[in-house]
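Peer 1: Turn this into a structure:
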Amino acid sequence: MKKENKKSFSLKGINSKIIIPLSVLISIILLSVIAVTANTVPYTVIDGDNKYDVSIIFPDEKALIEKAKNEGMKEFTELDDAVLDETNSTLTIYRAVDLTLNIEGEKSTIHANVGQTVESALKEANINSDGAYNLLPSGDTVITSDTQVRLNHGYIVYVNGTEYEISSENDTVAAALKEANINYDDNDGFSPDLSEKLYPGMEISYVKGYKIKVSNGSFTAETSTFATTVEEFLKEREITLDSDDRLSPSKIAKITDGTEIIITRVYSRNETFKESTPYETEYETSIDLYRGGTKVKTPGEEGIDEVSYTCIYENGELVSKTEISRKTLKEPVTEVILEGSKGNYQEEVEAAVLGNTGSGDNFFIDHNGNKVYYKRQLYGEATAYYIPGGITSVGLPVARGVVAVDPKVIPYGSKLYITSGSYCYGYAIAGDTGGAMLSGRVLTDLYMESLDECYEFGRRNMTVYIIE
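Peer 2: Okay, here's the model as predicted:
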């Protein structure tokens, strides 16, 4: 602190001596102090974040700085600046700082004062007075401390934090990305928009997008995403999975263009169905029927059960069920079939046909009572098949009346009549073949109109008349 000069007061004469009472002297001193105090003015000296309150009789910059220094303010240098505002009774100190300039790669340093803008400091130094350079930070930036300033004819921008220097003729985000060799497509995301004009120091955010396919249960769609993993995508779209649901690929899998995410929705529930139950078949011998002949004595009837299951569904389709309970609502009725034991019907028919001399040609009576002449008669084992929508060896659509044969035995296209003592298949055409026929194990394979009919026919010996 600076020491103040203090003066003492007394009245002295050469030939006389005046004695002033102490009370009077004190009053004179107090009045002097009051007079001086009445003429002082309060001021605030502002130095950055620091403020110093001082009182002064004749305020000027130099006196106020000295007062503030006495209050602890640091030394004021010739590079610093001070602005007196008598209206608001303030003196603001603007400290000198360094501006480090980078002009197209060449560096230099000038002095400026805190509170100035970058542009005004450069103009004082007669730099960029014609506005030829783009400034970073911008010219209206207020200087608060030592600052680095870049001056470029183009633009300094940042893409995802990486600095790029863009030439002045490319003044949009899209042009900047192209000059920076950053490839992008319609799936990618940018901020700001690609059409935005550049400015020095612009922050450009670029997020790579991916075109993917998503199957969520029974719903399938193509979409685009900025997510980099399957888990991020699920969170992005607020897709949740239940404990039984399945996800492919896994949550940690990386997403790329063309990734297919499949969510299989799995749930279970208990359901009750009515189901038919098969009936059994019993056979009885009948002396009223020829051997090989059969007749239904008691028709079979299916039973009905009420069955409860735990059913598992995937994407709404039933994939499995486990039986929980079963209740019989109707018992099945056993079918009873009579089997003939009388003579040999097949032999009798053959004998009648072969023994019929007629006009000298062989013939038989069909199921309609017609007399039919035939060229050749074969007898052997027959089976049945069912292939809906199939095509035969000779290109015919499968249908009742088209039978499979060995073409070396029965030429393709032959017209046939097939019957037995208990079963009449009727007229047919040789239009297909199969391994069993070619091996000689089976004479013919008869097309039926349902699997149930095939099962009912089974394997039987049949007579095949070759008509022509």
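
Peer 1: Show me where the stretch 101-250 of the chain has its strands.
Peer 2: In the stretch 101-250 of the chain, strands defined by DSSP state E, counting those that start in this stretch lie at 106-113, 134-136, 147-152, 155-159, 162-166, 189-191, 203-207, 210-216, 219-225, 246-248, listed in chain order.

Peer 1: Can you list the buried residues in the fourth one?
Peer 2: Meaning strand 155-159. Using 16 or more other C-beta atoms under 10 Å as the test for burial, strand 155-159 gives 155-157, 159. Every C-beta, even on glycine, is put in place using the N, C-alpha and C of the backbone.

Peer 1: so which of those residues would you say is closest to residue 238?
Peer 2: Checking the buried residues of strand 155-159 against residue 238 by C-beta to C-beta gives residue 159 as the nearest, at 29.7 Å.

Peer 1: Distance check, that closest one against residue 429.
Peer 2: Relative to residue 429, residue 159 is positioned 79 Å away (criterion: C-beta to C-beta, to the nearest Å).

Peer 1: ditto for residue 326
Peer 2: Noted for residue 326: a distance of 48 Å to residue 429, by C-beta to C-beta.

Peer 1: So which of those two has more stuff around it?
Peer 2: When neighbours are counted by other C-beta atoms under 10 Å, residue 326 and residue 429 differ, and residue 429 comes out ahead with 18 against 12.

Peer 1: which residues touch residue 250?
Peer 2: The neighbourhood of residue 250, defined by C-beta atoms under 8 Å, 6 or more residues apart in numbering, consists of residue 230.

Peer 1: same deal with the one 3 residues further on?
Peer 2: Applying C-beta under 8 Å, 6+ apart to residue 253 gives the contacts 229-230, 259.

Peer 1: would you list those in JSON lines and tack on distance to residue 135 and neighbour count?
Peer 2: Below are these laid out as JSON lines (distance: C-beta to C-beta, whole Å; neighbours: other C-beta atoms under 10 Å):
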{"residue": "229", "distance to residue 135": "41", "neighbour count": "15"}
{"residue": "230", "distance to residue 135": "46", "neighbour count": "21"}
{"residue": "259", "distance to residue 135": "45", "neighbour count": "18"}
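
Peer 1: how about the residues you listed in a markdown table, adding distance to residue 317 and pLDDT?
Peer 2: Compiled in a markdown table, those are given as follows (distance: C-beta to C-beta, whole Å; pLDDT from 0 to 100):
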| residue | distance to residue 317 | pLDDT |
| --- | --- | --- |
| 229 | 29 | 95 |
| 230 | 24 | 95 |
| 259 | 25 | 95 |
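
Peer 1: Which pLDDT does the model give the nearest residue to residue 390 once chain neighbours are set aside?
Peer 2: Of all residues beyond its chain neighbours, the one nearest residue 390 is residue 398 (4.4 Å), with distances taken as C-beta to C-beta, 6 or more residues apart in numbering. For residue 398, the model assigns a pLDDT of 82.

Peer 1: phi, psi of residue 398?
Peer 2: phi -70, psi 140 (degrees, to the nearest 10).

Peer 1: residues contacting it?
Peer 2: So, once contact is read as C-beta under 8 Å, 6+ apart, residue 398 ends up touching 387-392, 432, 447.

Peer 1: returning to what we had before: compile the strands of the stretch 101-250 of the chain into a markdown table and extend it with columns for distance to residue 320 and mean pLDDT.
Peer 2: Listed next are those as a markdown table, based on distance: least, C-beta to C-beta, whole Å; pLDDT from 0 to 100:
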| stretch | distance to residue 320 | mean pLDDT |
| --- | --- | --- |
| strand 106-113 | 76 | 90 |
| strand 134-136 | 67 | 88 |
| strand 147-152 | 70 | 90 |
| strand 155-159 | 54 | 89 |
| strand 162-166 | 55 | 88 |
| strand 189-191 | 44 | 86 |
| strand 203-207 | 43 | 88 |
| strand 210-216 | 21 | 94 |
| strand 219-225 | 23 | 92 |
| strand 246-248 | 14 | 95 |
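
Peer 1: So for residue 272, which of those sits nearest?
Peer 2: Distances from residue 272 to each of the strands of the stretch 101-250 of the chain were compared using C-beta to C-beta; the shortest belongs to strand 246-248, at 27.3 Å.

Peer 1: what mean pLDDT does the helix or strand hosting residue 307 have?
Peer 2: Under the assignment given by DSSP states H and E, the secondary-structure element containing residue 307 is strand 303-314. Throughout strand 303-314, pLDDT has a mean value of 96.

Peer 1: tell me what that strand is packed against?
Peer 2: strand 266-277, strand 317-330 (3 or more C-beta pairs under 8 Å, 6 or more residues apart in numbering; DSSP states H and E).

Peer 1: Throw those strands into TSV and include distance to residue 286 and mean pLDDT, thanks.
Peer 2: Below are the helices and strands packed on strand 303-314 laid out as TSV (distance: least, C-beta to C-beta, whole Å; pLDDT from 0 to 100):
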stretch	distance to residue 286	mean pLDDT
strand 266-277	28	95
strand 317-330	29	95
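
Peer 1: would you list those in CSV and tack on distance to residue 149?
Peer 2: Converted to CSV, the helices and strands packed on strand 303-314 look like this (distance: least, C-beta to C-beta, whole Å):
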stretch, distance to residue 149
strand 266-277, 64
strand 317-330, 69
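
Peer 1: Model confidence for residue 351, exactly?
Peer 2: At residue 351, the pLDDT value in this model is 41.

Peer 1: In this structure residue 229 contacts residue 251, no?
Peer 2: Yes: Residue 229 lies in contact with residue 251 (C-beta atoms under 8 Å); the separation is 7.0 Å.

Peer 1: From residue 80, how far out is residue 67?
Peer 2: Relative to residue 80, residue 67 is positioned 16 Å away (criterion: C-beta to C-beta).

Peer 1: for residue 126, same thing?
Peer 2: If you measure residue 126 against residue 80 using C-beta to C-beta, the figure is 21 Å.

Peer 1: ok, now residue 39?
Peer 2: Applying C-beta to C-beta, the value for residue 39 to residue 80 is 29 Å.

Peer 1: now do residue 321
Peer 2: Distance, residue 321 to residue 80, using C-beta to C-beta: 90 Å.

Peer 1: again with residue 439
Peer 2: Counting by C-beta to C-beta - residue 439 and residue 80 are separated by 116 Å.

Peer 1: Comparing these two, which residue is more hemmed in?
Peer 2: residue 80 (18 against 9).

Peer 1: I'd say the more buried one and residue 91 touch.
Peer 2: No: assessed by C-beta under 8 Å, residue 80 is found out of contact with residue 91, at 11.8 Å.
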